[in-house]
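Undergrad: Any chance you could fold what I've pasted below:
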Amino acid sequence: MSALAVQSLYKIFGNRADEAVRRLADGAPRAEALAGLSATAAVIDATFDVRPGEIFVVMGLSGSGKSTLIRMLNGLLRPTAGTVRVDDVDLTSLKPAALRKLRRDKISMVFQHFALMPHRTVAENAGYALEVAGRPKAERRERAMDALRMVGLTEWADHLPHDLSGGMRQRVGLARALAAGTDILLMDEAFSALDPLIRREIQDQLLELQAELGKTIIFITHDLNEAMRLGDRIAVMRDGRIVQIGTAEEILTDPANGYVAQFVADVDRSRILTAASVMEKPHQVLDVSAGPRVAAKALRETQTSVVYVTGPGKRFLGTVTEDEVLRALRENRTTLDGYVSTERVRTVAEDTSVADLFADCAESQHPVAVLDDRGRLAGVIPRITLLSALASTTPDEPTAEEEIPA
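TA: The predicted structure is shown next:
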């Protein structure tokens, strides 16, 4: 079940919005659909689901519609058409009192510019949502202090916001959202006002908190590296439309169009791609119970010098080489047991980043073995495959419709 589900969402500002939606839904290009209507299409036919415990990043340049989209996800803006469902409740149909209750119980928001009240202490700011909800003072203090502990600001609880740095103020905003105890966090360009080093620290802290708390987070950003680092999945927006949804690897390796390809062209692929995304199927895998004659045939048919060997439960045991197969034949052995070695080949997990594979590939006599979480052979990575994966392919020239504005 989705934590949040968006279906055919539109937001049109200006006159004759319903007519603009009808034209856009019929497939008319944006400019043609809006001709003569004095209207602006901020979000066009957005559809996606956000899974419980997922960081779902919406990425796009200024004017792409991402901030308008996030404001419809908690009812700050009413959509022109479409639905937003939270725990299977359509918030677009709720009356004001019910919408306020849903926001209070289900959704918190972290803003770009902190939105702290200067005359209230850090602890009072962190517990403000609970005050609005009518919680007792002692409970507000307890939950605010717990949230401040999570973000490392306990000792600043009784200070005013002007005593804090920009990064610390942003952490107070995050603590306020955590203290509210909602399952869903909306974060609108939450870190974009911070210096690069502080921004990285806050990103690290968010990932640590997410590992501990498992919140559902919708994160808005224009920064591609931030999106790739934080997002379990990423939605790329352009001119109000979502043009692709996928993991960082999927978007990097299989961009939906020339616009997305150009967008990701300069990304450090070694930090995004993993062993699982670049591995190949091994030419030959044999069970340890197979005889040396079977191994010799496999080497001959595949024209390779090594066979990967598995044992009970398909667990990876190591490799046997041509020389060892010949020795087993001379000794009239019936299995490969006793000839398998783990010394010639390095093993890595499927989620190992490509950046961490270079040493293993350099030191391994044969293609690196990639193992799944049960120790089974998932694939292999020859050196040439690793180098090819890092080669940045030149994206197709985007059409005029797809070009990234200067």
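
Undergrad: who's in contact with Asp287?
TA: With contacts defined as CB atoms under 8 Å, 6 or more residues apart in numbering, Asp287 is in contact with 309-311. Placement of C-beta: from N, CA and C, glycine included.

Undergrad: Next one: it, what pLDDT does it get?
TA: You'll see Asp287 listed with a pLDDT of 90.

Undergrad: quick one: Ile218 is in a strand?
TA: Yes: counting by DSSP: H, G, I helix; E, B strand; the rest coil, Ile218 is located in a strand.

Undergrad: returning to what we had before: only the buried subset of the contacts of Asp287, as a PyMOL command please.
TA: Buried members of these can be picked out in PyMOL with the line below, counting by 16 or more other CB atoms under 10 Å:
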select buried, resi 309+310
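
Undergrad: Mind putting the contacts of Asp287 into TSV with secondary structure and distance to Glu226?
TA: Formatted as TSV, the contacts of Asp287 follow (DSSP: H, G, I helix; E, B strand; the rest coil; distance: CB to CB, whole Å):
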residue	secondary structure	distance to Glu226
Val309	strand	43
Thr310	strand	40
Gly311	coil	43
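
Undergrad: Quickly name whichever of the contacts of Asp287 is closest to Leu377.
TA: Thr310 (6.0 Å; CB to CB).

Undergrad: in the stretch 201-350 of the chain, which spans are strands?
TA: Using DSSP state E, counting those that start in this stretch, the strands assigned to the stretch 201-350 of the chain run over residues 216-221, 233-238, 241-246, 285-287, 306-310, 316-321, 347-349.

Undergrad: between the contacts of Asp287, which is nearest Tyr10?
TA: Thr310 (53.1 Å).

Undergrad: Could you measure from the closest one over to Gln303?
TA: As judged by CB to CB, to the nearest Å, Thr310 and Gln303 stand 21 Å apart.

Undergrad: Ok, Ile245 next?
TA: Applying CB to CB to Ile245 and Gln303 gives a distance of 41 Å.

Undergrad: just Glu363 next, same as before
TA: 24 Å.

Undergrad: more neighbours, the two?
TA: Just comparing Glu363 and Gln303: by other CB atoms under 10 Å the higher neighbour count belongs to Glu363, 10 against 7.

Undergrad: Please tell me the pLDDT value assigned to that one.
TA: 82.

Undergrad: do the same with the one 10 residues further on
TA: According to the model's per-residue confidence, Asp373 sits at a pLDDT of 90.

Undergrad: and it, which of the three is it?
TA: coil.

Undergrad: One more: Ser64?
TA: coil.

Undergrad: ok, the nearest residue to it once chain neighbours are set aside to Met59 distance?
TA: Excluding its sequence neighbours, the residue lying closest to Ser64 (CB to CB, 6 or more residues apart in numbering) is Met237, at 4.2 Å. As for Met237, its distance to Met59 is 7 Å (criterion: CB to CB).

Undergrad: cool, Ala33 as well?
TA: From Ala33 to Met59 the distance is 24 Å (CB to CB).

Undergrad: ditto for Leu326
TA: Applying CB to CB to Leu326 and Met59 gives a distance of 56 Å.

Undergrad: So for the two, which sits in the more crowded spot?
TA: Counted by other CB under 10 Å, Leu326 and Met59 do not tie: Met59 has more neighbours, with 23 against 14.

Undergrad: Next, count neighbours for Ala98.
TA: Count around Ala98 with other CB under 10 Å applied: 13.

Undergrad: Do you know the pLDDT at it?
TA: 93.

Undergrad: Tell me which helix or strand it sits in.
TA: helix 96-106 (DSSP states H and E).

Undergrad: list the helices and strands whichever helix or strand comes after that helix packs on?
TA: Downstream of helix 96-106, the first helix or strand assigned by DSSP H and E is strand 107-110. Contacts defined by 3 or more CB pairs under 8 Å, 6 or more residues apart in numbering; DSSP states H and E place strand 107-110 against helix 166-179, strand 184-188.

Undergrad: possible to save the ones you listed as JSON lines with mean pLDDT and mean neighbour count?
TA: JSON lines is the format used below for the helices and strands packed on strand 107-110 (pLDDT from 0 to 100; neighbours: other CB atoms under 10 Å):
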{"stretch": "helix 166-179", "mean pLDDT": "88", "mean neighbour count": "24"}
{"stretch": "strand 184-188", "mean pLDDT": "92", "mean neighbour count": "23"}
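
Undergrad: Could you dump these into CSV with distance to Gly291 added?
TA: Listed next are the helices and strands packed on strand 107-110 as CSV, based on distance: least, CB to CB, whole Å:
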stretch, distance to Gly291
helix 166-179, 61
strand 184-188, 58
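
Undergrad: Those: which one's closest to Ala41?
TA: strand 184-188 (20.0 Å).

Undergrad: What is the helix or strand hosting Thr385 packed up against?
TA: Taking DSSP H and E as the definition, one finds Thr385 inside helix 383-390. The contact analysis (3+ CB pairs under 8 Å, 6+ apart) places helix 383-390 against helix 269-272, helix 275-278, helix 358-363.

Undergrad: So which of the ones you listed is the most surrounded?
TA: Greatest average neighbour count among those goes to helix 275-278 (a mean of 21), per mean count of other CB atoms under 10 Å.

Undergrad: next one: it to chain centre, how far?
TA: 16 Å (CA atoms, centre = their mean, to the nearest Å).

Undergrad: picking that back up, closest one of the contacts of Asp287 to Asn225?
TA: So of the contacts of Asp287, ranked by how close each gets to Asn225 (CB to CB), first place is Thr310, at 38.8 Å.

Undergrad: Would you check that the closest one makes contact with Thr319?
TA: No: Thr310 is beyond contact range of Thr319, at 10.8 Å (criterion: CB atoms under 8 Å).

Undergrad: tell me the secondary structure for Thr40?
TA: Thr40 ends up strand, using three-state DSSP.

Undergrad: follow-up on the earlier one: quickly note the distance from the residue nearest to Ser64 to Arg169.
TA: In terms of CB to CB, Met237 sits 28 Å off from Arg169.
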